[in-house]
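[1] From the sequence below, what's the structure:
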Amino acid sequence: MNRRRQRELTFFFLFENTFNGYTLDEIRECKLSLEELKDEDFTPFIFSSFNGVIANIPLIDQIIEKNSVKWGKGRLSRSAISILRLAVYEMIYDDNIPNSVAINEAVELSKKYGSEKESSFVNGVLGNIDKGLAIKNV
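    Numbering: from 1, shown residues only. Okay, the predicted model is just below:
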């Protein structure tokens, strides 16, 4: 499975987590029992990214909030917040993923799963973060 698909599944699982707070193990159990996914679909990248985002939500959300000009986190859709959380996690904690790749992948996810305006919003927020505005002020 390629990295783009792994990132997309991670986004799905983070999105699901915003509704019910399920852990990845709980989501995995459900997806396997419904035969929606196979065990090999749950890669180390997905576990690492999902659990990394969940463990760092307070800091990640603070960074998103500081860079969401005129938009509080409460105004963001669940898909946008899930996409932003994953991208910010990758930008801050995953040295193997260039920030430009994390931003591009987040924009592509928001084009596919978000509203019409979300992709430009996601791009703007992540662009600000990439410039170091939020990281310096945290």
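
[2] Name the residue closest to the centre of the protein, please.
    L86 (2.1 Å; CA atoms, centre = their mean).

[3] quick one: that one and E65, what's the gap?
    In this view, L86 and E65 are 16 Å apart by CB to CB, to the nearest Å. Every residue, glycine included, has its C-beta placed from N, CA and C.

[4] which one's the longest helix in the chain?
    Scanning the chain for the longest helix, with DSSP state H as the assignment, gives helix 3-20.

[5] Just the C-alphas of the helix or strand following it, formatted as CSV.
    Counting by DSSP states H and E, the next helix or strand C-terminal to helix 3-20 is helix 24-33. Written as CSV, here are the backbone C-alpha positions of helix 24-33 (Å, rounded to 0.1, in the frame of the first residue of the first chain):
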residue,chain,number,x,y,z
LEU,A,24,-7.1,2.8,16.6
ASP,A,25,-7.3,-0.7,18.1
GLU,A,26,-11.1,-0.2,18.6
ILE,A,27,-11.5,1.1,15.0
ARG,A,28,-9.3,-1.8,13.7
GLU,A,29,-11.4,-4.4,15.5
CYS,A,30,-14.6,-2.9,14.0
LYS,A,31,-13.3,-2.6,10.5
LEU,A,32,-11.9,-6.2,10.6
SER,A,33,-15.2,-7.6,11.9
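
[6] Show me what counts as buried in helix 24-33.
    Going by neighbour count (16 or more other CB atoms under 10 Å), the buried part of helix 24-33 is 24, 27-28, 31.
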